[in-house]
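Visitor: could you work out the structure for the sequence below:
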Amino acid sequence: MTEVHESAVHTDGSALSGHAGELAVAVARAHGVETMFTLSGAHVFPMYDGAVKAEPPMRLLDVRHEQTAAFAAEATGKLTRVPGLAVLTAGPGVTNGLSAIAQAQFAGSPMVVIGGRAPANRWGSGSLQELDQPPIIAPISKSARTIHTADGVLDGMHDAFTAAGSAHRGPVFVDIPMDEFFNSASGELPTGARRRGAEPDPEALSEVAELLGAANRPVLVLGTDVWADGAEEAALRFVEATGLPVITNGMGRGVVPGGHPQLVTKARGAALGGSDLVVVVGTPLDFRLGYGVFGGKDGATPAQVVHLADSPGQVSRHADLAASASGDLSAALDGLLAALQQLVRRPDWSGWLAELQQSVAAAAERDSQLLGAEADPIHPARIYGELVPRLAEDAVVIGDGGDFVSFAGKFVEPQRPGGWLDPGPYGCLGAGLGAAIAARLARPSAQVVLLLGDGAAGFSLMDVDTLVRHQLPVVMVCGNNSAWGLEKGPMQMIYGYDVAADLAGQTRYDEVVKALGGAGETVTDPRQIGAALDRAFAANVPYLVNVITDVDAAYPRTTFGI
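Guide: Take a look at the predicted model:
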């Protein structure tokens with residue numbers, strides 16, 4: 001017999017009364033939160049009671065490791081652009097979530113983490129898991145604070161969700177003393193929308209337009225914040241109206257759909273190396289973009305650089321910028337397009353684009369050899385040769401790993417925005433299972449594909465149990481080269497040998513998934529990869545295809561992130 005709970009939050013118009021957990025849940029729901037990611041802990045029981053008794057109840061998604069709860073909230077923020085919610089018990093529950101909070105800070109992912117806290121009436125006495133958590137989290141978040149009383153929960157939680165979802169987005173942490181969490185309070189449900197970026201400076205946009213008008217070989221780079229700021233339509237409109245060649249990274253992937261004639265990511269080296277102007281929108285000028293130094297190929301003059309960001313604090317301070325602007329990215333791109341259309345001389349970059357399109361075609365021809373490789377052991381690229389044709393237009397592809405996921409970045413070109421998740425500039429392993437959970441909830445009818453290196457698999461594979469318990473089918477593909485591939489090659493290059501880089505040979509990660517209630521298989525023959533993927537997509541359960549790959553087939557990278 002199902003137990004029916006009546007909501008204990010009493011409302012009178014916008015007025016609420018209830019215990020602090022109930023009030024916190026009401027605020028979260030008002031901000032669009034549908035799921036609470038957590039691992040059970042007594043310090044946060046009021047949040048669970050608030051979720052169960054809400055009308056309708058809020059989904060509780062419990063995991064096997066707090067890192068997964070926090071990574072799921074971070075991915076939810078990325079995918080839905082509504083702050084994800086993780087609720088972590090005091091002390092080690094909170095500290096287990098630190099890597100995900102840091103990843104959210106680096107990636108600009110909106111999320112709120114509510115931590116348990118030892119009771120205020122015992123503070124300083126040595127109660128269980130007594131730790132002053134906000135000072136630890138403050139450096140890796142937009143803000144971190146304690147809400148000291150139940151009376152402060154309504155406004156405090158509203159401020160947290162508003163800050164997390166406002167440009168520039170990121171993680172916000174609050175904790176509440178256990179005794180106050182159980183206390184009751186009343187007040188009005190706060191209102192107010194999340195803040196978008198300000199209107200960009202028209203003069204700054206005109207300056208950028210003048211630089212574009214004078215450029216012969218410009219390149220546009222679109223990054224994560226284009227998606228996060230809801231500017232994907234404005235970005236595609238700008239691209240197609242200008243004829244600019246485009247490179248995408250992070251969650252900017254898919255803003256210009258794979259196969260689009262202006263998408264030249266496959267000719268990235270030629271584009272950025274041969275450019276005379278690079279306009280970077282919605283992504284930092286970090287190691288992924290050569291720290292903002294472009295051009296100069298074959299002795300040419302280095303390229304001028306323009307940076308457009310969603311807020312002033314995101315504009316690069318280390319790069320030598322020819323111009324910059326900040327604010328709402330839709331307004332920035334539309335304003336820049338309008339300024340370009342006012343130029344007396346309309347630029348024509350068709351010859352430059354055609355040159356890059358030839359480079360794209362040549363790269364695709366080279367790639368086809370790897371994508372169809374019959375090598376034994378299996379070349380990692382062959383996995384993508386089989387996977388990419390099987391991806392639906394609405395697929396969500398998640399990367400959790402180093403070398404194996406680098407190949408994914410090379411070969412997977414999403415057809416829609418919001419369909420790609422990777423570790424981002426923080427480069428954190430172990431995010432994959434949380435992201436897969438989030439993706440299956442956020443996109444219930446879409447394919448969800450998690451790409452795991454075997455090193456990354458060891459961080460979080462136990463949370464397949466969570467997928468099974470909550471009936472969340474996900475296709476997992478493990479590129480298993482029995483090594484920390486991203487470290488093994490570089491260490492050999494530097495020292496002539498490697499240590500601490502080898503894992504057990506051909507580990508049966510599929511058997512781990514089976515033991516947890518899912519399904520899977522190991523593949524050692526490249527000709528069997530496609531059929532194994534077909535079985536995975538048809539299974540409607542968590543399914544891992546464990547592909548044994550060649551440890552010597554390393555990704556040909558030009559940077560190690562330093």
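
Visitor: from the contact counts, what lies against the top helix by length along the chain?
Guide: Assignment by DSSP state H gives helix 350-371 as the longest helix of the chain. Counting contacts by 3 or more CB pairs under 8 Å, 6 or more residues apart in numbering; DSSP states H and E, helix 350-371 packs against helix 268-274, helix 380-387, helix 403-411. Just so you know, the C-beta spots here come from the backbone N, C-alpha and C atoms, and that holds for glycine as well.

Visitor: what is the burial count for the residue lying closest to residue 512 once chain neighbours are set aside?
Guide: In this structure, residue 512 finds its nearest non-sequential neighbour in residue 461, 5.7 Å apart by CB to CB, 6 or more residues apart in numbering. Counted with other CB atoms under 10 Å, residues neighbouring residue 461 total 22.

Visitor: picking that back up, out of the helices and strands packed on helix 350-371, which gets nearest to residue 115?
Guide: Residue 115 lies closest, by CB to CB, to one member of the helices and strands packed on helix 350-371: helix 403-411, at 30.3 Å.

Visitor: I'd like to know which elements the helix or strand just after the closest one is packed against.
Guide: Using DSSP states H and E, the helix or strand that follows helix 403-411 towards the C-terminus is strand 420-421. Judged by 3+ CB pairs under 8 Å, 6+ apart, the packing partners of strand 420-421 are helix 66-80, strand 396-400.

Visitor: so what touches strand 420-421?
Guide: Residues outside strand 420-421 that contact it (CB atoms under 8 Å, 6 or more residues apart in numbering): 75, 78-79, 250-251, 253-254, 396-399, 412, 414, 431, 435, 439.

Visitor: ok, of those, which come out buried?
Guide: 75, 78-79, 250-251, 253-254, 396-399, 412, 414, 431, 435, 439 (16 or more other CB atoms under 10 Å).

Visitor: please enumerate the helices of the stretch 1-150 of the chain.
Guide: Taking DSSP state H, counting those that start in this stretch, the helices of the stretch 1-150 of the chain run over residues 20-30, 45-53, 66-80, 92-95, 98-107, 134-137.

Visitor: of all those, which lies closest to residue 446?
Guide: Closest among those, once you apply CB to CB, is helix 66-80, at 10.2 Å.

Visitor: chain center to that closest one: distance?
Guide: 9 Å (CA atoms, centre = their mean, to the nearest Å).

Visitor: in it, what counts as buried?
Guide: For helix 66-80, burial by neighbour count (16+ other CB under 10 Å) applies to 66-80.

Visitor: name the nearest of those relative to residue 275.
Guide: The closest of the buried residues of helix 66-80, once distances to residue 275 are taken by CB to CB, is residue 78, at 28.7 Å.

Visitor: how about the closest one, what does it touch?
Guide: Residue 78 makes contacts with 107, 109, 224, 228, 251, 421, as judged by CB under 8 Å, 6+ apart.

Visitor: kindly recompute the last result at 10 Å.
Guide: Counting by CB atoms under 10 Å, 6 or more residues apart in numbering, residue 78 touches 84, 104, 107-111, 169, 224, 227-228, 250-251, 418, 420-421, 424, 435, 438-439, 442.

Visitor: can you select the buried ones from those residues in ChimeraX?
Guide: Of these, the buried ones go into a single ChimeraX selection, burial set by 16+ other CB under 10 Å:
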select :84,104,107,108,109,110,111,169,224,227,228,250,251,418,420,421,424,435,438,439,442
